[in-house]
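>>> Give me coordinates for this.
(one chain, ligands or ions: 2)
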Amino acid sequence: MSEPLLTVENLKTQFFTEEGTVRAVDGVNFEVNEGELVGLVGESGAGKSVAAQSIMRLVEEPGRIVDGTVTFDGKKLVDIEETPDGRMEESDEMLSNREMREQVRGREIAIVFQDPMESLNPVFKVGAQLREFIELNRGVNESEAKTIAVDMLREVGIPEPEARYDDYPHEFSGGMRQRVLIAMALACEPRLIIADEPTTALDVTVEGQILDLVSDLQERYDTAFLWVTHDMGVVAEICDRVNVMYLGEVIEEAEVDDLFHDTKHPYTEALLRSMPRPDRSVESLDPIKGVMPEAINPPSGCRFHTRCPEAREACKEFHPEYQDVSDADEAPHAVSCIKYERVGYEDSDPLQTEATGAFAGGLADMRGDDDGRDPAGVPGGEADE
Ligand SMILES: Nc1ncnc2c1ncn2[C@@H]1O[C@H](COP(=O)(O)OP(=O)(O)OP(=O)(O)O)[C@@H](O)[C@H]1O
Ligand code: NI
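Ligands and ions are numbered 1, 2, ... in the order given. Below you'll find the model as predicted:
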């Protein structure tokens, strides 16, 4: 197989705050192949946006990429090495800020954010902004740029693009503004578009339209996408492959069908149980328990052990290794969970966690007081606290 278009290896990005070091992205690995639509999914605070920004080197103070390599089409967008005296430094191969600005951002890789108003200037007309962007990045003159801009607006489904060209951003609906941003991203025919929750603020119908549009454009232009979302429904709809993030780490990666039907990680299972699915009743919806711990002081061992319904003592001690657990004839399926390692999970005692109901004992006691139920109805093993 050919080299992936984008390879992210051991990426670590931290924020140095007064409260401590926030390990927002903590040793992440994933790939995006040419023309592939790859999801990056996880709860709020998992580190998805910071990972996306790190690829583009858009992390702001007090944040810094402290380790790892990001390779795009053979170029090192990020390449941090350890010096002989133990310091972490940018390698000679790593692109300069200027090279990032002039060669990569906007041209080879475009990024689309959740809030179009962050990317569109409210005081300039939409068409002029798009035209200027095209002029700047494609080296065409003003009238050529305008033609391309109008074509792009049409391409992303904006009705009467010639007329809308002279409207201001506030004259567009949220969905239409998001289409403008997609037009802007596509305008330079980048090979990769990073989309950070671009449909999250939209209502479901408009979101569906945008996702259809993206699938469409992806096929037509063969652009690769890294699609950041907290929504497994979105992943199911558009992605080929998906990476699941939890507390700064990618904990499972698989083709979308495999992830849904042969789920390996208990966190992914919990995420899937918490979302509505056509093949399950609404009653079986089960919101994921507890909240994600702070990235300043992540739990020992497996970071998910405090919320995991299958957690055992060993999960507190061993940090799971991220490994491919697929059979030889299957597509790769990577997971980091000690259930798949030989570190004594089987012989280890179950842990009380938020998900196994650390407080269920207390509730059961209260109920026991007033109904005098047959104690045989209580599952065994309760006595050994
Ligand atoms: N400027 C900052 N200063 C300090 N911590 C930050 C900063 N930006 C992000 N973080 C922290 O980095 C971690 C990852 O944040 P990130 O925005 O990447 O999460 P996310 O997965 O994109 O979540 P969401 O779905 O809410 O967008 C969080 O703990 C967040 O608090
Ligand atoms: Ni985010």
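>>> Count the neighbours of N121 for me.
Other residues within reach of N121 by the criterion other C-beta atoms under 10 Å amount to 12. Just so you know, the C-beta spots here come from the backbone N, C-alpha and C atoms, and that holds for glycine as well.
>>> Could you look up the SS state of it?
N121 carries the three-state label coil when classified by DSSP: H, G, I helix; E, B strand; the rest coil.
>>> In the stretch 251-385 of the chain, what residue lies closest to ligand 1?
For the stretch 251-385 of the chain, the residue closest to ligand 1 is A295, as judged by C-beta to the nearest ligand atom, at 3.9 Å.
>>> for ligand 1, what are the nearby residues on the stretch 1-150 of the chain?
15, 17, 22, 24, 42, 44-50, 63 (C-beta under 6 Å from any ligand atom).
>>> what's the most distant pair in these?
Within these, two members stand farthest from each other by C-beta to C-beta: T17 and G42, at 21.2 Å.
>>> Give me the more crowded residue out of these two.
Neighbour tally, T17 and G42, criterion other C-beta under 10 Å: the higher count belongs to G42, 26 against 11.
>>> Just confirm that one contacts K48, I think it does.
Yes - with contact defined as C-beta atoms under 8 Å, G42 reaches K48; the gap is 5.7 Å.
>>> okay, and the common contacts of these two?
H230, M245 (C-beta atoms under 8 Å, 6 or more residues apart in numbering).
>>> which residue is nearest the middle of this structure?
Using C-alpha atoms, centre = their mean, the residue of the chain that lies closest to the mean C-alpha position is L40, 2.6 Å off.
>>> what's downstream of the helix or strand that one falls within, the next helix or strand?
Secondary structure from DSSP states H and E places L40 in strand 37-41. Proceeding N to C from strand 37-41, the next assigned helix or strand is helix 48-55, under DSSP H and E.
>>> what's in contact with that next one?
For helix 48-55, the external contacting residues (C-beta under 8 Å, 6+ apart) are 6, 8, 11, 13, 24-25, 28, 40-42, 59, 63, 65, 70, 72, 77-78, 109, 111, 194, 196-197, 226, 228-230, 245.
>>> what's around E354, how many residues?
By other C-beta under 10 Å, neighbour count at E354 equals 16.
>>> Next one: it, what pLDDT does it get?
Here the pLDDT value assigned to E354 is 82.
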